[in-house]
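> give me coordinates for this.
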Amino acid sequence: MALKLGDMLVQANLIKKEQLDRALAEQKSTGARLGACLIKLGFITEDAITDFLGKQLGVPTVNLGSKEIDAQLLKLIPADTARKFQIVPVQRTGRTLFVAMSNPADVFTIEDIQFLTGFEVKPMVCAETSIEKTIDRLYGTQASADALKAIDAEAQADNLEVVDKNEDEVATQAEIDSTPVVKLVQSILMDAIKKGASDIHIEPYEKVLRVRYRMDGMLQEVMSPPRRVAAAVASRIKVISKLNLTERRLPQDGRCSVKLADRTVDLRVSTMPIKYGEKIVIRVLEQSALGGALTSLGIEGKALDDFVAATNRPQGMILVTGPTGSGKTRSTSSPRSATPSRRRSRPSCARTPTSCWWARSATARPARSP
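Purely as a prediction, here's the structure:
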C-alpha cells in the first residue's frame, strides 16, 4: 500500500510525480518506507504526511509522546511484530484494539494484526519517528532485544547466574565479550547515554528485571527482561566498576568511565541488596557537560561575586543542594577544574544522596580573623 500513499500525496498536490518516482527509487535501493524516503529527500515533512492521512482517511491522530500505554497491551503485540509493522498498541475498548501506525491505509498490516490478536483493529495515525521512539521506550532498543533473544536461544541463563564461587572464576566468566548478558549491559549503557539519561535504575522484581532511565527528572521504564538474568547483569556491572563480585549482602559503590564515539562519560555505580537480589543505580555524568563559565549556568550579579569570593577563600565549605538534574555538579565543576595556585588548593567534593558537600581543605596559611 506504499504506492497508494504516494498516489494520494500526488493527487493532493503535496508532492510531484517526479518526486514520487525518486522516492520510489530510493525505497527500492534502501528498503526504507516510502514516507521516510520522501521526508529524507526533503519533499515533504512528517507532520504534513500525518495531518494529510488523518484528514483524508478520517482517522484520528495520536501523540504518543504524551500517551500512557498500558503494559498489558504490549503482551498482545510482541516487540518483533511492533518493529516489523511499525505499530504501537494505544488502547483497548471491549473487542476493539486501537493501534498507532504511520500509514493507516495499509490494510494488509491491519488484517495481520487482527489475525494475530483476535481483536478488531482501529488504526490511529502517528508520525513514524514518534512510533520508533515509542517502540524503543516500551519494548527496549533493538540491540537489547537481540541480546535477550540470544539469551533465550542459548538457554544459558542458569550458567550466567552469580553463585558462591571464588572471585576470579566469576569475573572471568562475566568478562567474556561474546556473552549475551554483556551485550545487554552494553546496550543499556549506550542507550541511556544517547537518550541523555541522568540515572539508570536496574531493579529485580519477582518475575522481571525492571530497567528505568531518569530523563528530565522523571523515571521512565525502558525494558523488563526476565529476572533470571538479574544476577548476571549485576555481575557484569560489578566487573566494569571494580566492585566485589562475591559481596551481595552489603551496599557497594564504584565508578568507571566509558567512551561512546568521541564522548567520555563517567558512571558512578551503587548497589544495594533487596528482596529479589541487588538493586543497581548508575549515575551518568558526561565530562563535556562539566566545566565552563558560571555565567552559562545563570549565575550572575551579586550571587556570582559571592560564589567566586567563597571559592577563593583558603578554607571553608559550600553546601549545594537540589533535586536530580538541577545542576549541582555543573555548578561546582567550574571552580574545581581551575588550576590550583601555590597558596590555594583545588577544592574537593563529597556527596550524599540528597546534597553535595563541596569543601576546601586548609592551605598553608590559615584564614585571618575578622
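> which residues touch the most centrally placed residue in the chain?
Geometric centre of the chain, nearest residue: residue 192, 3.4 Å, by C-alpha atoms, centre = their mean. For residue 192, the contact set (C-beta atoms under 8 Å, 6 or more residues apart in numbering) comprises 200, 213, 282, 284. (C-beta placed from N, C-alpha, C; glycine too.)
> report pLDDT for it.
pLDDT for residue 192: 87.
> mind listing what's buried along the helix or strand that it is a member of?
Assigned by DSSP states H and E, residue 192 belongs to helix 180-194. Of all the residues in helix 180-194, those buried under the rule 16 or more other C-beta atoms under 10 Å are 180-193.
> dump that helix to PDB, keeping only the CA atoms.
The C-alpha trace of helix 180-194 is given here as PDB (Å, rounded to 0.1, in the frame of the first residue of the first chain):
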ATOM      1  CA  PRO A 180      24.600 -12.100  25.500                       C
ATOM      2  CA  VAL A 181      24.400 -10.600  29.000                       C
ATOM      3  CA  VAL A 182      27.400  -8.500  28.300                       C
ATOM      4  CA  LYS A 183      25.800  -7.200  25.100                       C
ATOM      5  CA  LEU A 184      22.600  -6.400  27.100                       C
ATOM      6  CA  VAL A 185      24.500  -4.300  29.600                       C
ATOM      7  CA  GLN A 186      26.400  -2.500  26.900                       C
ATOM      8  CA  SER A 187      23.100  -1.700  25.000                       C
ATOM      9  CA  ILE A 188      21.600  -0.400  28.300                       C
ATOM     10  CA  LEU A 189      24.500   1.900  28.900                       C
ATOM     11  CA  MET A 190      24.700   3.100  25.300                       C
ATOM     12  CA  ASP A 191      21.000   3.700  25.000                       C
ATOM     13  CA  ALA A 192      21.000   5.700  28.300                       C
ATOM     14  CA  ILE A 193      23.900   7.900  27.100                       C
ATOM     15  CA  LYS A 194      22.300   8.500  23.700                       C
END
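> any low-confidence regions in the stretch 151-300 of the chain?
151-179, 287-297 (pLDDT under 70).
> helices along that one, start to end?
In the stretch 151-300 of the chain, the segments counted as helices under DSSP state H, counting those that start in this stretch are 157-160, 167-174, 180-194, 230-240.
> what ranges does the stretch 1-150 of the chain have for its helices?
Under DSSP H, counting those that start in this stretch, the stretch 1-150 of the chain gives helices at 2-11, 17-30, 34-40, 46-57, 71-74, 79-85, 107-117, 128-139, 142-154.
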